[in-house]
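1. With the sequence up front, the predicted model follows.
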Amino acid sequence: MSATNGFRDDILRHLKYSLGKDEAHAQRTDWRLALSFAVRDRIVDPWFASTRTAYARQAKRVYYLSMEFLIGRLLEDATVNLGLMDQADAIFDELGFDLKDVLSDEPDAALGNGGLGRLAACFLESMSTIGCPAYGYGIRYEHGLFKQSFHEGRQMEAPEDWLNQIHAWEFERPESAFRIGFGGEVRDEHGRAVWTPSEAVIAEAYDTPIIGWQGRWANTLRLWAAKPENMFDLGRFNAGDFYGAAEAEALARTISRVLYPDDTTDEGKRLRLKQEFFFTAASLRDILRRFKSEYSDLNLLPKKVAIQLNDTHPAIAGPELVRLLHDEQNLALEDAIAIARNCLSYTNHTLLPEALERWSEGLMWDLLPRHMQLIEAIDADHQRSHPDRKVAMRGDGDVLMGPLAFGMAHKVNGVSALHTDLMKKTVFEELHRLHPERIVNQTNGVTPRRWVQAANPRLSGLITEAIGDAWIEDLEQLEKLVPLADDAAFRERFDAAKRANKADLAQYFSERDMPVDPDAMFDVQIKRIHEYKRQHLNILETIALWQAIRDDPQGDWVPRVKIFGGKAAPGYFFAKEIIHLINAVADKINADPDTSHLLKVAYPANYNVTLAERLIPAAELSEQISTAGKEASGTGNMKFSLNGALTIGTLDGANVEIRNLVGAENFFLFGMDASEVVARRAVEGHAAQAIEADPRLARALDAVRSGTFGEGFEGIVDNVSGHDYFLVASDFTDFYRAQRDVETAYRDRDAWIRMAVLNTARSGWFSSDRTIRGYMDDIWHARAIAAE
Ligand SMILES: CCc1ccc([C@H](C)CC(=O)N[C@@H]2O[C@H](CO)[C@@H](O)[C@H](O)[C@H]2O)cc1
């Protein structure tokens, strides 16, 4: 019985016995689920072996606590990592189906907003591929990030409901449940603090196996769902109070009902804090339960447990771990604090002031009274050892989650070299001076399995043909491609792969009434919509280009398609105006008979992980144009370089390291650097000056203000020509110059492809495997082990 036949039989067996469907009546979803179950069967054994080996080897485990895991689809990832893609392709071909079509039936697990959530997902896959014993802990949101659609160019939001169908990749764990309390009071009983919560919910675990490359190891993503202590109040039901009967359940489930869609603004909502404590407390309980099932001496905890806080969202872990060790395990307070600190480490992902979490002490006293007491004690303990320094964890009636996380962590890291440096000079300046060894850098990375091997099979095949397939788990082997940049035949095939990917994307767009020319340059900016990411700078340059083409239609223009993708937080008005403007400009320019053969704008709605996997392999120009000093790292920038797109960008975040590795000559740099930005912002009237000095910019802004693209965009023009905090006006002229340089380069196909090959070849360092090895060595002191 060949492996393929065994696999085929398992698919048919699941269709019949797991889904109760016979082939004749099976829908696409049935086939997708049958395939999922057959693939899942092949994950369970390595999964169990990994868990068993970690216990047998008394290995140190890593616990990654994150409010977000932007996983996307799982079936293709698992099939690729198990090396079953070709078999699945052959089986479905024989069954008369297109595997790609079956795979496209899976909904994205959109349990995240953007960079932070996707990084967590890449990290889980890399920890499994490396064989680092680890758990991801998060929330099983019933509704992930909202679905975006456009109505008359404006963003509309609709609930995302990935769980309104069978979810093939989770195992419910009713036996792993914890009672999580809120509110109530703290009484002192013989010198011991006893917290009696006034309300409680049950946190129930759902496990998803995360298989690594070649299925050698699998870790667990444990997501907590909120359930009521008692499901249904029969008494109230019998009394005819039907709502009352279901109230407890509805209230409890609210905690894991929906992901907060903000990715840069701390709303400070009570429910958000409940979500943060809910999953953090359940995770710490589970971690201590597992530790105590193997060891009795709590002083061993830091040797066996490393807990990573993905930003401040789980920072309540500091006080909660101290509470568990001191109040429940009876360790002395200072010992509890020391042990907790040696287990905990914290990653900062943003310097934006509005994104730094602070909770009112009033709310903290109300919701978590014992934790507020402990925060005071921890703060006092920290200040005691540094009386003269302003390193308070509280200020103006708020608990500052950044300083609290910093104070309760043995290591704190930034996510790119520039960002880590800025952390030391700005938000954590005083704390850094106090703890000069605590801040380290771990530049982000992305998993090459999803973002190259699976998303871009044409390029992957070409690379493997040229240098073998070891690159997939040792990405810096891509360096071996450098000499091939000078090989015309290889360049030819490299370009052919990109060309074919562009044709696929053009097909996808034409099916959605967005016809584009596959021979035009595909210029892509895909990320959350935010002023600091400057999508409005990109659309203003697009307008100026359009005007220039109209001035000189016979000019030697390079046909270009400007592709945008991204959601705005529902409450972020300005970002929504930027979306509206981009769609309005698209309508105008795409309908212009004189220019539409030279310039098109495409903005597919509902940008998510799956759409990124479709857009990035077809991209030629990657827009990384944030105001220097604002983008902590970026990870899309890495995905584009690996897939042979050239970057136009500022010296911001990881762009700096990408440019250093691929070579300045293979990168289109523009704009001010982080220190020039600070200096320029201090110049009175900096925007007006810039507009004064650049007629193209003035003309583009006039067109927007005068209604060329419709009414209602004054806000954007006023901002860019007024306060312009993100220096769109001041960076415009150089951006326009860089875009013209891009066109000059693009005209020389050979030179362009050569640069593209060098970007792919020299981007291997941006593998999340390299990043995870950095965390293992510098922060977690954890070692990889192989499953027995
Ligand atoms: C409290 C609301 C909130 C929610 C999420 C966040 C995240 C930290 C925002 C985020 O996703 N940051 C991005 O993290 C990526 C992974 O490190 C970086 O590559 C991006 O530069 C950074 O913007 C801030 C504030």
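-> Yes, it's here. From a predicted model like this one, the values you see are computed outputs, not experimental measurements.
2. only C-alpha atoms for contact and neighbour calcs from this point on.
-> Noted.
3. does residue 648 really touch residue 637, like I thought?
-> No - here residue 648 lies out of contact with residue 637, judged by Cα atoms under 8 Å, at a distance of 9.8 Å.
4. Identify the contacts common to the two.
-> Taking Cα atoms under 8 Å, 6 or more residues apart in numbering as the contact criterion, the residues that touch both residue 648 and residue 637 are 622, 623, 624.
5. Same list, the residues you listed, but as CSV with pLDDT, distance to the ligand and neighbour count please.
-> Shown next, in CSV, are the shared contacts of residue 648 and residue 637 (pLDDT from 0 to 100; distance: Cα to the nearest ligand atom, whole Å; neighbours: other Cα atoms under 10 Å):
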residue, pLDDT, distance to the ligand, neighbour count
622, 99, 15, 25
623, 99, 14, 28
624, 98, 11, 27
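6. All the helices of the stretch 151-300 of the chain, in order from the start?
-> Taking DSSP state H, counting those that start in this stretch as the criterion, the stretch 151-300 of the chain contains helices spanning 234-238, 242-254, 270-292.
7. got a list of contacts for the following helix or strand past the last one?
-> From helix 270-292 onward toward the C-terminus, using DSSP states H and E, the following helix or strand is helix 301-304. Contact partners of helix 301-304, identified using Cα under 8 Å, 6+ apart, comprise 58, 59, 60, 61, 291, 339, 340, 342, 343.
8. And for the first one, the neighbour number?
-> The number of residues packed around residue 58, counting by other Cα atoms under 10 Å, is 13.
9. Next: the third one.
-> Residue crowding around residue 60 was assessed by other Cα under 10 Å; the count is 23.
10. Find the nearest non-adjacent residue to it, please.
-> residue 304 (4.0 Å; Cα to Cα, 6 or more residues apart in numbering).
11. who does residue 646 bridge with?
-> The residues listed as beta-bridge partners of residue 646 by DSSP bridges are residue 621.
12. Surely it is in contact with residue 617?
-> No - taking contacts as Cα under 8 Å, residue 646 lies outside contact range of residue 617: 12.0 Å.
13. Pick out the residue of the stretch 351-500 of the chain closest to the ligand.
-> residue 355 (4.4 Å; Cα to the nearest ligand atom).
14. In this protein, where is pLDDT below threshold?
-> Counting by pLDDT under 70, the chain contains low-confidence ranges at 1, 387-390.
15. got the domain boundaries for it?
-> With automatic domain parsing as the criterion, the domains of the chain are listed as 1-56+73-108, 57-72+109-142+168-444+773-780, 448-766.
16. So which residues on the stretch 301-450 of the chain come close to the ligand?
-> By the criterion of Cα under 6 Å from any ligand atom, the positions of the stretch 301-450 of the chain lying close to the ligand are 349, 350, 355, 357, 415.
17. wait, I meant the stretch 601-750 of the chain
-> Contact residues, the stretch 601-750 of the chain versus the ligand (Cα under 6 Å from any ligand atom): 631, 632, 633, 634, 635.
18. which SSE is the residue lying closest to residue 283 once chain neighbours are set aside in?
-> In space, not counting the residues next to it along the chain, residue 283 is nearest to residue 137; the distance is 6.4 Å by Cα to Cα, 6+ apart. Assigned by DSSP H and E, residue 137 belongs to strand 134-139.
19. Partner strands of that strand, with direction?
-> Sheet neighbours of strand 134-139, with direction, are listed as strand 61-65 (parallel), strand 218-227 (parallel) (DSSP bridges).
20. what residues are up against residue 29?
-> Contacts here follow Cα under 8 Å, 6+ apart; on that basis residue 29 touches 102, 105, 106.
21. Distance of it relative to the ligand?
-> Residue 29 sits 32 Å away from the ligand, taking Cα to the nearest ligand atom, to the nearest Å as the criterion.
22. what kind of secondary structure is that residue in?
-> When the structure is reduced to helix, strand and coil (DSSP: H, G, I helix; E, B strand; the rest coil), residue 29 reads as helix.
23. Against residue 15, how distant is it?
-> Between residue 29 and residue 15 the computed distance is 10 Å (Cα to Cα, to the nearest Å).
24. Over to residue 88?
-> Here residue 88 is placed at a distance of 15 Å from residue 15 (Cα to Cα).
25. And these two? Which one has more around it.
-> Set side by side, residue 88 and residue 15 show more neighbours around residue 15, with 23 against 20, by other Cα under 10 Å.
26. so is the closest residue to the more buried one other than its chain neighbours in a helix, a strand, or just coil?
-> Among residues not flanking residue 15 along the chain, residue 34 sits closest, at 5.0 Å (Cα to Cα, 6+ apart). Under three-state DSSP, the three-state class of residue 34 is helix.
27. OK, contacts around residue 34?
-> When contacts are counted by Cα under 8 Å, 6+ apart, residue 34 is found next to 11, 12, 13, 14, 15, 18, 19.
28. ok so, going back, and for residue 646 and residue 617, which residues touch both?
-> residue 640.
29. ok, the residue of the stretch 351-500 of the chain closest to the ligand touching residue 264?
-> Yes - the criterion here is Cα under 8 Å, and residue 355 meets it with residue 264 at 4.7 Å.
30. Between those two, point out the one with more neighbours.
-> Between residue 355 and residue 264, counting by other Cα under 10 Å, residue 264 is the more crowded of the two (19 against 16).
31. Give the closest residue to residue 128 in space, chain neighbours not counted.
-> Leaving aside its chain neighbours, residue 128 sits nearest to residue 212 (4.5 Å; criterion: Cα to Cα, 6+ apart).
32. quick one: the helices in the stretch 651-788 of the chain?
-> Under the criterion DSSP H, counting those that start in this stretch, the stretch 651-788 of the chain contains helices at 655-662, 674-681, 686-693, 695-705, 714-721, 728-747, 749-761, 768-775.
33. helices and strands around the fourth one, which ones?
-> Packed against helix 695-705 by the contact rule (3 or more Cα pairs under 8 Å, 6 or more residues apart in numbering; DSSP states H and E) you find helix 535-551, helix 686-693, helix 714-721, helix 728-747.
34. Quick one: work out the angle between the second one and helix 728-747.
-> Spelled out, that is helix 686-693. Here the directions of helix 686-693 and helix 728-747 differ by 50 degrees (axes from the mean of the first three to the mean of the last three Cα atoms, to 10 degrees).
35. who's in contact with the residue nearest to residue 536 when sequence neighbours are not counted?
-> Using Cα to Cα, 6+ apart and skipping residues adjacent in sequence, the residue nearest residue 536 is residue 578, 6.1 Å away. By Cα under 8 Å, 6+ apart, the residues touching residue 578 are 529, 535, 536, 716.
36. what sits up against stretch 637-649?
-> In this structure, residues lying in contact with stretch 637-649 by Cα under 8 Å, 6+ apart are 445-446, 451-452, 456, 459, 616-617, 619-626, 654-655, 658, 666-670, 738-739, 755-761, 763-764, 766.
37. Only alpha carbons, please: show it as PDB.
-> As requested, C-alpha coordinates have been extracted for stretch 637-649 and formatted as PDB (Å, rounded to 0.1, in the frame of the first residue of the first chain):
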ATOM      1  CA  ASN A 637       9.500  44.200   4.200                       C
ATOM      2  CA  MET A 638      11.300  40.900   4.800                       C
ATOM      3  CA  LYS A 639       8.700  38.800   3.000                       C
ATOM      4  CA  PHE A 640       9.000  41.000  -0.100                       C
ATOM      5  CA  SER A 641      12.800  40.900  -0.200                       C
ATOM      6  CA  LEU A 642      12.800  37.100   0.100                       C
ATOM      7  CA  ASN A 643      10.300  36.900  -2.800                       C
ATOM      8  CA  GLY A 644      12.500  39.000  -5.100                       C
ATOM      9  CA  ALA A 645      10.900  42.400  -4.800                       C
ATOM     10  CA  LEU A 646      13.000  45.600  -4.400                       C
ATOM     11  CA  THR A 647      12.300  47.900  -1.600                       C
ATOM     12  CA  ILE A 648      11.700  51.700  -1.800                       C
ATOM     13  CA  GLY A 649      12.000  52.800   1.800                       C
END
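38. next one: it to chain centre, how far?
-> Stretch 637-649 has its average C-alpha position 17 Å from the chain's average C-alpha position, going by Cα atoms, centre = their mean, to the nearest Å.
39. Please tell me I have it right and residue 351 contacts residue 633.
-> No - under the criterion of Cα under 8 Å, residue 351 lies out of contact with residue 633, with a separation of 11.0 Å.
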